[in-house]
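1. sequence first, predicted coordinates after that:
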Amino acid sequence: MINYIWASMIIFSVISAFFSGTASELSTAIISSASDAVSLCIRLGGTICLWGGLMEIAEQAGLTGAVCKLLSPFLKIIFPKMDMKGQTARAISMNVTANLLGLGNAATPLGLEAMRRLQDENPSKEKASRDMIKFVVLNSAAFHLIPTTVAAMRQDYGSKNPFDIMPASWISSACALTVGLTAAIIFIKLSEGVKWKK
């Protein structure tokens with residue numbers, strides 16, 4: 001389905017550019033975007049290698065276990081059937097920690113690692129498990145204790161107090177996380193209810 005949506009958007013853009021006389025601007029944007037995409041892949045690849053290696057070091061040093069133990073009461077509420085001493089819980093704990101510190105670049109590879117471990121435990125490989133769905137919400141609507149990335153961007157644009165958004169960040173991210181997880185749990189329960197009736 002998503003392929004049809006993307007194809008329709010591309011065709012519509014080309015036709016619109018042709019009739020509005022902005023075909024040259026469209027060509028320039030396509031070339032520029034292609035270059036940006038390659039640069040993004042290289043940067044993301046380097047970040048994944050860096051944080052993947054650091055996570056391996058942290059795991060062997062026992063740091064992931066300590067972080068997981070600290071976050072286990074919270075994670076146990078969201079993932080009641082998960083083994084809090086297992087590798088999956090540790091990967092999720094590191095992802096949550098990176099998000100708490102506002103390190104989006106670090107949270108991405110850690111989230112990919114957590115999702116890979118969740119998929120390994122998933123009995124039905126063709127569809128997402130309940131834990132996978134809840135983790136996507138947990139990662140996407142993460143609570144940011146220190147909005148490091150946003151503060152850095154504010155500082156780059158000349159803000160004198162880049163961290164003065166912290167109270168607003170706490171409230172907005174807490175609300176987003178609460179609503180997201182509540183909605184995910186409700187829809188999971190509704191889905192399971194429909195299957196049970198069938």
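-> Nice, I can see it.
2. ok now the longest helix along the chain, how far from the chain's centre?
-> The single longest helix within the chain, with elements called by DSSP state H, is helix 23-61. Centre-to-centre, helix 23-61 and its host chain are 15 Å apart (CA atoms, centre = their mean, to the nearest Å).
3. quick one: mean pLDDT for it?
-> Mean per-residue pLDDT for helix 23-61: 75.
4. swap in stretch 162-176?
-> Here the average pLDDT along stretch 162-176 is 88.
5. dump that stretch to CSV, restricted to CA.
-> Provided in CSV are the C-alpha atoms of stretch 162-176 (Å, rounded to 0.1, in the frame of the first residue of the first chain):
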residue,chain,number,x,y,z
PRO,A,162,19.1,26.7,25.4
PHE,A,163,17.9,24.5,28.3
ASP,A,164,15.1,26.7,29.5
ILE,A,165,12.7,24.5,27.5
MET,A,166,13.2,21.6,30.0
PRO,A,167,9.9,22.0,31.9
ALA,A,168,7.9,22.2,28.7
SER,A,169,9.9,19.2,27.4
TRP,A,170,9.1,17.2,30.5
ILE,A,171,5.3,17.9,30.3
SER,A,172,5.0,17.4,26.5
SER,A,173,7.0,14.2,26.4
ALA,A,174,5.3,12.8,29.5
CYS,A,175,1.9,13.5,28.0
ALA,A,176,2.9,12.0,24.6
